[in-house]
Structures are given as C-alpha cells and as structure tokens.
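S.K.: Below is the structure, and that's it, no one-letter string:
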C-alpha cells in the first residue's frame, strides 16, 4: 500500500488542446462567463481555463441578416423569443469584444470561445474572426434536434461531422466538440469527430430538461443544473474511450468535488468542466477543489495529475469486460 507523500504539493498541471493548464478545472460556458467581470473572477479564483458563454447560432444568424431568425431546417423558430427570455443579447461584435477583453486580463489562463450551433455555414467564416480576436481554442457545442422521424441517426451524425470538418479547415485554432449522450454509438462518433479535425471531445453536454406545468397548460424548464450523481455516464464512456480515439477527452456534467474530478482523470480525462457547483457555492469552489485534489493525491501517494491519467481506464485493465455488460449483469444478479 502506498504511503502518503510528504513535501510539496502534487503537480496539478495538465494539458488540453495543446494548452497548458495550471489545474484540470475548466469553467464551462455559462452565464458566469458571459462578461469580462465573470471571466476575471474565474481567473482570480484559479481556474485552469475558462470557456466563454456560448454564442448561439440564432444570435449570429440574426446579426448577419439583421432580420428576424429564419425558420430553416435545423434552426429553432422560437429561438428569438427564447434568447430574449433567457437574457441572451448581443451578437458577433459583442462576442468578439468579449474574447479580446478576456484575453487582455487572463494572463496565462487559456480563454476558449464557445459556439452553440445546428448548422455549419455561418461558423466557417466566424471561426476565423474568433481566431483573430485572440481565443486560444474553440468549443463547438452542437445540439441537433431531429426535426422529423424520417431523419436517420446517421444523417444527424453526418451533419455534425460536416460542421466540424468545415470549421476546422478554416481556422488554426484547436477545436473541441461538446456532445450529448443520446447517440447510438458515442465511441464511433467521437472517433469520426477526431477524423474530421476535432482535437478534443467533452462528454457529455447536459441539455435543459423538459417539463410541463399542468395548471398553466404550458411548457416549463426542468432542473437547470446538474446534481452530484449525474457524472456516471460520462465517466463510463471516457473509461472506455481512453486510448481508443485520437482526441483528448474532457469530463462534463455532475462534477461537484475533487474526488469526482480525480475519477475522471483516472479513467483518462485530461480535465473536467465545472459549472453547477459554481452557481451553488460561488467562485471559492475553485480553490477548494484545487486544495482537495492536492490532498487526495497526497493520500493516494500520486505525484501528479498526468501520472494518474488513465490508470483506471479500460485500456489499462486486465478485465476490460467489467467496463461493459458484465458490470450490468453483476448489478442485477448480485454476483460479486
């Protein structure tokens, strides 16, 4: 049994998309990073990197056309009202200013731009502008809701791949893609994304929950933030994908503690994204996560984050089947 280390802190530095991070805690895109003040607070708190709040395709489309959003296939006709209700204003110009101003104060902390897209036509040109504004990387948050039962899963995935390929050939920025868990084979999809030019994949995006208000006979949003028990699906897929795909993997959803973050590192993640915890506990959560991770590595006798990466992945396991169906069978039958 390893004994706890004595002496200096563990080395928490890691890399992501070719960028050096002082620790693996990335502040994900949200209202917390929608302003220069929010970015400044994230940097001062010690975040490993900051992802700016996503620019929605509907914002860019309206900005480019200077008219109401066109109800095209893949776009959401209700988006104009939604963006207004969510307090999402501004367009391309404001977003580029946010990138420039954030970079000016971030120092060595990487600033990652984020765009929420359903089509790829507008982002091809805008990606170049994001690069010119000084962003260190670009995150594509791709949410394609099937508009018809006649659209196959392959067609949806092909559209996603086309977006990544078209954007990647127009910018030198490293690209990461944030996807949801609702694909037939996430492993095959991530492999295709890497082939299309993605350098990283964030697993998984947490979409807004759908709910109803029966009294008002209307739609309403479900819980907006993740709970502490929502990380398992992301953890499982990263454990299986580590070493099997050529892009870096990032853990997302349900990461509320250093213990959970280290689990993601152990199965192969380069870093993790945090958001809901920051809404719950404030910016002091970041130095707390850093301190707790250092102490946990010390107790485990592990000198660095990088040396622990992938240690408990399927790739390094002598019983890889335990990461698949056998685990499910054991849970049902009680077999030890």
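M.R.: Ah, there it is. None of these values were measured; they are calculated from a predicted model.
S.K.: all contacts plus neighbour counts: C-alpha atoms, from now on.
M.R.: Will do.
S.K.: How far away from the center of its chain is the one helix or strand residue 116 maps to?
M.R.: Remark: residue 116 resides in strand 111-117, with elements defined by DSSP states H and E. Relative to the mean C-alpha coordinate of its chain, strand 111-117 is positioned 10 Å out (C-alpha atoms, centre = their mean, to the nearest Å).
S.K.: what are the pairing partners of it, and which direction each?
M.R.: Strand pairing for strand 111-117, using DSSP bridges, gives strand 49-51 (parallel), strand 55-56 (parallel), strand 137-142 (parallel).
S.K.: residues contacting residue 170?
M.R.: 124, 125, 127, 128 (C-alpha atoms under 8 Å, 6 or more residues apart in numbering).
S.K.: Could you dump these into a markdown table with neighbour count and distance to residue 312 added?
M.R.: Below are the contacts of residue 170 laid out as a markdown table (neighbours: other C-alpha atoms under 10 Å; distance: C-alpha to C-alpha, whole Å):
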| residue | neighbour count | distance to residue 312 |
| --- | --- | --- |
| 124 | 19 | 38 |
| 125 | 14 | 41 |
| 127 | 22 | 36 |
| 128 | 16 | 39 |
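S.K.: Surely residue 109 and residue 23 touch.
M.R.: No. Residue 109 is beyond contact range of residue 23, at 10.1 Å (criterion: C-alpha atoms under 8 Å).
S.K.: Could you tell me which residues touch both of those two?
M.R.: Contacts common to residue 109 and residue 23, judged by C-alpha under 8 Å, 6+ apart, are 47, 48.
S.K.: Scan the helices and strands of this structure for the one with the lowest mean pLDDT.
M.R.: helix 79-85 (a mean of 40; mean pLDDT, DSSP states H and E).
S.K.: residues in contact with the helix or strand that that helix is followed by?
M.R.: Later in the chain than helix 79-85, the nearest helix or strand by DSSP H and E is helix 92-106. The contact list for helix 92-106 (C-alpha under 8 Å, 6+ apart) reads 35-36, 39-40, 43, 52, 55, 59-60, 63, 110-111, 113, 129-130, 133-135.
S.K.: can you pull the buried residues of helix 92-106?
M.R.: 92, 95, 96, 98, 99, 100, 101, 102, 103, 106 (16 or more other C-alpha atoms under 10 Å).
S.K.: ok and it relative to strand 111-117, angle-wise?
M.R.: Inter-element angle recorded for helix 92-106 and strand 111-117: 160 degrees (by axes from the mean of the first three to the mean of the last three C-alpha atoms, to 10 degrees).
S.K.: any idea of the mean pLDDT for helix 92-106?
M.R.: Mean pLDDT, helix 92-106: 95.
S.K.: coming back round to it: can you add distance to residue 305 and give the buried residues of helix 92-106 back as JSON lines?
M.R.: Formatted as JSON lines, the buried residues of helix 92-106 follow (distance: C-alpha to C-alpha, whole Å):
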{"residue": "92", "distance to residue 305": "37"}
{"residue": "95", "distance to residue 305": "33"}
{"residue": "96", "distance to residue 305": "33"}
{"residue": "98", "distance to residue 305": "31"}
{"residue": "99", "distance to residue 305": "29"}
{"residue": "100", "distance to residue 305": "31"}
{"residue": "101", "distance to residue 305": "31"}
{"residue": "102", "distance to residue 305": "27"}
{"residue": "103", "distance to residue 305": "26"}
{"residue": "106", "distance to residue 305": "23"}
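S.K.: From those, pick the one nearest residue 266.
M.R.: Of all those, residue 266 sits closest to residue 106, with 28.7 Å by C-alpha to C-alpha.
S.K.: Phi, psi for residue 178 please.
M.R.: When quoted as degrees, to the nearest 10, the phi and psi of residue 178 stand at phi -100, psi 120.
S.K.: So which bits of the helix or strand encompassing residue 156 are buried?
M.R.: For residue 156, the host element (DSSP H and E) is helix 153-168. By neighbour count on 16+ other C-alpha under 10 Å, the buried set for helix 153-168 is 157, 159, 160, 161, 162, 163, 164, 165, 166, 167, 168.
S.K.: Residues contacting stretch 245-263, please?
M.R.: Outside stretch 245-263, the residues that reach it (C-alpha under 8 Å, 6+ apart) are 16-17, 187, 190-191, 194, 198-206, 226-231, 234-235, 238, 242, 264, 268-274, 276-277, 289-290, 292-293, 296.
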